[in-house]
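1. please find the sequence and the predicted model below.
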Amino acid sequence: MTIKTTLHISLVALSMAGIATCQNNTNGLAQQVFAAIDSRNDQLKTVNQEIWANPETAMEEVHAHEILTNFLEDQGFTVTRSAFNLSTAFKATYSSGEGRSVSFNAEYDALPGIGHACGHNLIATSGVAAAIGVKEALEHQGVSGTVVVLGTPAEEAIGGKIKMLDAGAYKDLDCSLMAHPGNNAYGAWSRTLASWRANVTWTGKASHAALAPWQGQNALDGFVAAYQMTGLYRQQLMATDRIHHVIKNTDNLVTNVIPDRVESEWGVRGTNRARQAAVIEQLNSIVNSSAGGTNTTVSLIKVQDYWDQNPSFQLAKNYYDNLIEYFDPSKDETTSKFSIHTPEEEYEAGGSPSASSDQGNVSWFLPSIQVGFPIGGSAPNHNSGFTKVAGTDFAFDQSIVTAKALALTGLEVLQNATFAENMKKEWEEMIAKLQF
C-alpha cells in the first residue's frame, strides 16, 4: 500500500466521521440560509456589476472597496476599512457569541488592460453572499460563532493575503473559504502551483550605436542572453514547471543608442515550494551568467512568493456534498454540460495544479479551500473573452449557487464540533508532512 493511498484512506475516514454527525445542517436551516441570500439577489447583482464594470488593478481597488464595505455595513456587519495596513483591504465581522470562526475571502482586483479577466468580481460576490447566508444562521437561527469577510486586494500582483497573514488577519480563524470561476468544470479539492516573481534589471553603459558602439555595454544583450539560456534550460524542466519573462518600461530604448538599462519581470512556478526553489536556483545562475558574459551588471528583487495550495479534504468533501444535495449540476440543463469530479477523484489525480494564488499561503496557516465553478465560454482566464463571460447573468447565478453551498460548509464548521476537530487534525497532519 502506497503512502498516498494510506493518506487517502485516512482522509476519507476522517471525512466520514464528520459526515456521521452532519445532521446539524438540516434542510430547514439550509432553506433559511438560501432565502437570506436570495432576498438580496438584486443588491448582490448590483455589487457584482459595479465591480465588473469598473475594473481596478492591484492596490487601486478604491471603488470596489467602497462598494463592498458599504454593502456589508448595510447588512449589519461590523466593518474595518483599509484594514491590516492596506488601503484597499477590509474586514467585516458578525458574531452571535462564543464559538468557532469561519472566514470568506473576497478578491476584487482586475488585470491591466483586460479588466476582470479572472472573474474577481464573482469571487467577491460569492464570498460576500456566503457570509450573508452564515450571518442569517447566526442572527436568526440560533447558531453560535463568528463569520468574517476578508477583503483581499492585489491577488494578481503582490498578494494581499500574504501581507494580511503577516498582519494577523487570519489569526484565531478556524478556516478560510473562497471560490474561483473557470470555464467548464466544478472543483472542490484543487491544488495550485507555487509561484515566484522578481524584477530583474540589467545595467550597462550607453553609447552611440553607430559612432562608438565599442564604448557601450549593452544591457539588452544581458536580457537576451538570459532569455536564450532559459530556453535551453527548458529541456531539463519538469512538465509542471513554468518560467515566464517580459520586458518592462521600454520607453528608453531607441535603435541608435546602446541600451544602458533593461528592466524585466521573471516568474517561476513549480508543483510545490521545493520544486520551485530548485528552478529559482538555476534561474539565478542563468541571470548572473548573462551579466558576466555581456559585461553588464544585474539586480534581482523578489516581488512575489505564492506557496502551493494544499486544501482541506474535509472541507472539500462537505462542500461537494452540499453542492450535489441541493444544486446537483447534472440535473440542470444549463449546467449538465460541465464536468464535475468527486473530491476523492480529484485527490487521486493530484489536484491538477496549474495556476497560482496567494490563497496557497493561507492554506499553510489554517484549513482552507478554494473551490471552482464554471461560467462557460471558450476563452481562458486572463483573456479578454473571459472578461465578457465574467459579466454575464449566468456567471453571477453560478457564483450565488457556489456561495450557498460554501455557506453550508461554513455552518458545518460552526455547528459540528466533531467535523471541526477532524478538519483541524487532518490539516495539521497534512502540513506536517509538507513542511518546506
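-> Yes, it's here.

2. rest of the way, CA atoms for contacts and neighbours
-> Noted.

3. where in this structure is pLDDT low?
-> The chain contains residues with pLDDT under 70 at 1-26, 435-436.

4. so what are the domain limits for it?
-> 3-191+308-434, 194-306 (automatic domain parsing).

5. surely residue 67 meets residue 47?
-> Yes: at 6.6 Å, residue 67 counts as touching residue 47 under the criterion of CA atoms under 8 Å.

6. higher neighbour count, these two?
-> A direct count of neighbours by other CA atoms under 10 Å for residue 67 and residue 47 places residue 47 higher, at 20 against 15.

7. what's near enough to touch that one?
-> Contact partners of residue 47, counting by CA atoms under 8 Å, 6 or more residues apart in numbering, are 67, 68, 71, 125.

8. by neighbours, which of those wins?
-> Ranked by neighbours (other CA under 10 Å), the contacts of residue 47 are led by residue 125, which has 28 neighbours.

9. number of residues surrounding the residue nearest to that residue when sequence neighbours are not counted?
-> Leaving aside its chain neighbours, residue 125 sits nearest to residue 48 (5.9 Å; criterion: CA to CA, 6 or more residues apart in numbering). A count of nearby residues for residue 48, using other CA under 10 Å, gives 26.

10. so which bits of the one helix or strand residue 48 maps to are buried?
-> Using DSSP states H and E, residue 48 falls within helix 41-53. By 16 or more other CA atoms under 10 Å, the buried positions in helix 41-53 come out as 41, 44, 45, 47, 48, 49, 50, 51, 52.

11. now do stretch 299-308
-> 300, 304, 305, 306, 307, 308.

12. ok, stretch 122-140 next?
-> In stretch 122-140, counting by 16+ other CA under 10 Å, buried: 122-138.

13. got it, and stretch 152-172?
-> Per 16+ other CA under 10 Å, stretch 152-172 contains these buried residues: 152-164, 169-170.

14. redo the buried residues of helix 41-53 as a markdown table? Include distance to residue 260.
-> As requested, those are exported to a markdown table (distance: CA to CA, whole Å):
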| residue | distance to residue 260 |
| --- | --- |
| 41 | 56 |
| 44 | 51 |
| 45 | 51 |
| 47 | 47 |
| 48 | 46 |
| 49 | 45 |
| 50 | 44 |
| 51 | 41 |
| 52 | 41 |
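
15. strands along this protein, start to end?
-> 78-81, 90-95, 101-106, 146-151, 175-182, 185-186, 194-203, 242-248, 261-270, 297-306, 339-340, 368-374 (DSSP state E).

16. so for residue 61, which of the ones you listed sits nearest?
-> strand 146-151 (10.5 Å; CA to CA).

17. which residues touch the closest one?
-> By CA under 8 Å, 6+ apart, strand 146-151 touches 65, 88-107, 124, 127-128, 131, 134-135, 138, 169.

18. try 6 Å
-> If you take CA atoms under 6 Å, 6 or more residues apart in numbering as the criterion, strand 146-151 is touched by 89-95, 101-106.

19. measure the residue nearest the centre of the chain to residue 269 for me?
-> By CA atoms, centre = their mean, the mean C-alpha position of the chain lies nearest to residue 357, the distance being 3.7 Å. For residue 357, the distance to residue 269 equals 11 Å [CA to CA, to the nearest Å].

20. what of residue 258?
-> 33 Å.

21. go ahead and confirm residue 152 touches residue 107.
-> Yes: with contacts counted by CA atoms under 6 Å, residue 152 reaches residue 107, the gap being 5.2 Å.

22. so which residues of this protein form helices?
-> 3-20, 27-38, 41-53, 62-74, 120-140, 160-166, 219-233, 273-294, 313-327, 343-348, 359-363, 384-390, 393-415, 417-434 (DSSP state H).

23. let me have these in TSV, extended by distance to residue 111.
-> Below are these laid out as TSV (distance: least, CA to CA, whole Å):
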stretch	distance to residue 111
helix 3-20	37
helix 27-38	29
helix 41-53	11
helix 62-74	14
helix 120-140	10
helix 160-166	15
helix 219-233	25
helix 273-294	24
helix 313-327	28
helix 343-348	29
helix 359-363	18
helix 384-390	10
helix 393-415	18
helix 417-434	32
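
24. so of these, which one's packed in deepest?
-> helix 120-140 (a mean of 27; mean count of other CA atoms under 10 Å).

25. and that one, what other elements does it pack with?
-> helix 27-38, helix 41-53, strand 101-106, helix 393-415 (3 or more CA pairs under 6 Å, 6 or more residues apart in numbering; DSSP states H and E).

26. and residue 392, how many neighbours?
-> 14.

27. before we move on, back to that, what about residue 258 and residue 269, which has more around it?
-> Between residue 258 and residue 269, residue 269 has the larger neighbour count (other CA under 10 Å), namely 29 against 25.

28. kindly state the beta-bridge partners for residue 91.
-> residue 80, residue 150 (DSSP bridges).

29. how many neighbours does it have?
-> 23.

30. list the contacts of it.
-> Taking CA under 6 Å, 6+ apart as the test, what residue 91 contacts is 79, 80, 149, 150.

31. that one and residue 168, how far apart?
-> For residue 91, the distance to residue 168 - CA to CA - is 12 Å.

32. next: residue 216.
-> From residue 216 over to residue 168 (counting by CA to CA), the distance is 50 Å.

33. next: residue 209.
-> 53 Å.

34. residue 246 now?
-> 34 Å.
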